[in-house]
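Q: pasting the structure only:
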């Protein structure tokens, strides 16, 4: 397969790139506390759900420790990518992560923009084509899709090679080349990829948390939203009725797009969670886009909880019913019946299952409709596991020597006492109690100052909003850190020291 060649850029290997090595949990320079901040800034690396780490270990062949490192890195990389895309404007040429080295790369179309990328903590790669140009040529292929031959099942922007990749089945090479020429895509900006895939929509068997359409066809719930849930558009047309949960398709678009939303009938309660098919659920904390190369997991009732990586964003694929564009292309496996189900990166919603090829025995390619596009199209609000900002009971954590109250947003951390620390003058037992908002996952850390750094000496990190610590310590300077692993809201913290 012919690939586009990058032009070298000296700054691409600068030491300041966003690279994650061994995680130094609980070791950070001491600094004045100033309210909510990044957990990393307080010496706290966010915990990784062991079920998610286990699924990545199974499907990606990496250790659970490496899975935790990768997920933590991806969360940081997503924020940097978003900021750089806004700052670089027209010169932005996409971003991707190296899944083995945990490095964030950002493509730029001019040398001057490389310095801004390096300053933000990523590695710059100077390329010929901007992301907007590549997306424009993909759109030209979309417009030509009614004439697309059967041997050309999909095309997508590959930011890592700075090209539009056209997938071709055996015998379709000449037809694919003719399609590209009709669409006016420059020869130097396209590459061809041999494939055996024959994409189809996953609608035959129940997928995800099942729901039924009309007289008996079945699909999967994607993500809960206020008033119902989002799913794949090919699962039902507007006005179609559903059962389990009962509702009505309030909007649907397919082909072109593959999204829909179902307005649920009264008595059905949207919950911000995804079924992991091991008797547990992963909380949905938001919908921040993960970078190309990021690890993701999918939920569907046919094949359960499966993981892989993002290969491209904005891909186009041609089904028998027509072409769908703007999809997330992944190597997560799926099978018929998984349609409409959830794609999630850590705790961040990514998309709903559209279709693909292959299976979970031999592997395959699966495409997902981005969830943020669905939310925007219908003006919907994603339901998250935080339950809003409902405060905990005011009687929580009573009977302690000191009581602290505050609020913290999902993914952030806060140190107490605010702007200070606690001096413990003798050895003895330190007792801490944390009560967070219902439906959230708040964690508690006890840190001790050692010279100019804070080190975590005890922690409580269950999946509950409430935590407690009993620690036999020596005299010294301590502080308490509250981490909102998922969900946002108010908390009460009780502390008793010797």
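A: Here it is on my side, so go on. Bear in mind that the values here come from a model prediction, so they are computed numbers and not experimental data.
Q: tell me which stretches of the protein form helices.
A: 50-60, 64-88, 111-119, 131-143, 173-183, 371-378 (DSSP state H).
Q: quick check: angle from the second one to helix 50-60?
A: Right, the one you point to is helix 64-88. If you take axes from the mean of the first three to the mean of the last three C-alpha atoms, to 10 degrees, helix 64-88 sits at 90 degrees to helix 50-60.
Q: that older thread, want to throw the helices of the chain into CSV with mean neighbour count?
A: Just so you know, the C-beta spots here come from the backbone N, C-alpha and C atoms, and that holds for glycine as well. What follows is those, written out as CSV (neighbours: other C-beta atoms under 10 Å):
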stretch, mean neighbour count
helix 50-60, 19
helix 64-88, 19
helix 111-119, 18
helix 131-143, 19
helix 173-183, 17
helix 371-378, 18
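Q: show me the one of these that comes nearest residue 467.
A: Among these, helix 50-60 comes nearest to residue 467, with 16.7 Å by C-beta to C-beta.
Q: list the helices and strands that closest one packs on?
A: Contact partners of helix 50-60 among helices and strands, from 3 or more C-beta pairs under 8 Å, 6 or more residues apart in numbering; DSSP states H and E: helix 64-88, strand 295-300, strand 304-319.
Q: coming back round to it: out of the helices of the chain, flag the one nearest residue 490.
A: Where those are weighed against each other on C-beta to C-beta, the nearest is helix 64-88, at 23.6 Å.
Q: what mean pLDDT does the closest one have?
A: Throughout helix 64-88, pLDDT has a mean value of 86.
Q: other residues contacting that helix?
A: Contact partners of helix 64-88, identified using C-beta atoms under 8 Å, 6 or more residues apart in numbering, comprise 18, 20, 22-23, 40, 45-46, 48, 50, 52-54, 56-57, 60, 62, 92, 95, 97, 99, 102, 104, 106, 108, 113, 116-117, 120-122, 288-291, 294-295, 345-346, 348, 411.
Q: switch to 7 Å and redo it
A: In this structure, residues lying in contact with helix 64-88 by C-beta atoms under 7 Å, 6 or more residues apart in numbering are 18, 20, 23, 45-46, 48, 53-54, 56-57, 92, 95, 97, 99, 102, 104, 106, 108, 113, 116-117, 120-122, 288-291, 294-295, 345-346.
Q: pull out the buried residues from these.
A: Burial of the contacts of helix 64-88 was assessed by neighbour count (16 or more other C-beta atoms under 10 Å); the buried members are 18, 20, 45-46, 48, 53-54, 56-57, 92, 95, 97, 99, 102, 104, 106, 108, 113, 116-117, 120-122, 288-291, 294-295, 345-346.
Q: mind giving me the domain split of this protein?
A: Structurally, the chain divides into domains by automatic domain parsing as follows: 10-18+30-126, 131-194, 200-378, 402-496.
Q: most tightly packed of those domains?
A: Relative to the other members of those, domain 200-378 carries the highest mean neighbour count by mean count of other C-beta atoms under 10 Å, namely a mean of 22.
Q: so what's the residue sitting nearest the centre point of the chain bridging to?
A: With distances taken as C-alpha atoms, centre = their mean, the chain has residue 345 as the residue nearest its mean C-alpha position (2.9 Å). Using DSSP bridges, the bridge partners assigned to residue 345 are residue 348.
Q: ok, now which ones touch it?
A: Residue 345 sits next to 74, 290, 294-296 when contact means C-beta under 7 Å, 6+ apart.
Q: okay, now the unreliable bits of the stretch 251-400 of the chain?
A: For the stretch 251-400 of the chain, applying pLDDT under 70 flags the ranges 386-396.
Q: scratch that, the stretch 51-200 of the chain
A: 200.
Q: 90 - rerun?
A: Low-confidence segments of the stretch 51-200 of the chain, defined by pLDDT under 90, are located at 51-58, 60-80, 82-83, 99-102, 110-112, 120-121, 144-151, 196-200.
Q: would TSV of the helices of the chain with distance to residue 453 be doable?
A: Formatted as TSV, the helices of the chain follow (distance: least, C-beta to C-beta, whole Å):
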stretch	distance to residue 453
helix 50-60	27
helix 64-88	20
helix 111-119	26
helix 131-143	41
helix 173-183	57
helix 371-378	39
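Q: closest to residue 210 out of the ones you listed?
A: helix 371-378 (19.2 Å).
Q: dump the residue contacts of residue 370.
A: Applying C-beta under 7 Å, 6+ apart, one finds that residue 370 lies in contact with 326, 328, 350-351.
Q: any idea how far residue 365 is from residue 273?
A: Computed with C-beta to C-beta, to the nearest Å, the distance linking residue 273 and residue 365 is 27 Å.
Q: let me redo that: residue 173
A: When distances are taken as C-beta to C-beta, residue 173 and residue 365 turn out to be 19 Å apart.
Q: which one of the helices of the chain lies nearest to residue 307?
A: Taking the helices of the chain one by one with C-beta to C-beta, helix 50-60 is closest: 4.0 Å.
Q: contact partners for the nearest residue to residue 229 once chain neighbours are set aside?
A: Using C-beta to C-beta, 6 or more residues apart in numbering and skipping the chain neighbours, the partner closest in space to residue 229 is residue 221 (4.8 Å). With C-beta under 7 Å, 6+ apart as the criterion, the residues that contact residue 221 are 208-209, 211, 229, 231, 340.
Q: phi, psi of residue 221?
A: Reported as degrees, to the nearest 10, the phi and psi values for residue 221 are phi -70, psi 130.
Q: before we move on, what about residue 128?
A: Residue 128 adopts backbone torsions of phi -90, psi -40, taken as degrees, to the nearest 10.
Q: heads up, I number from 32, so please use that
A: OK, 32 is where the count begins now, so the last one is residue 159.
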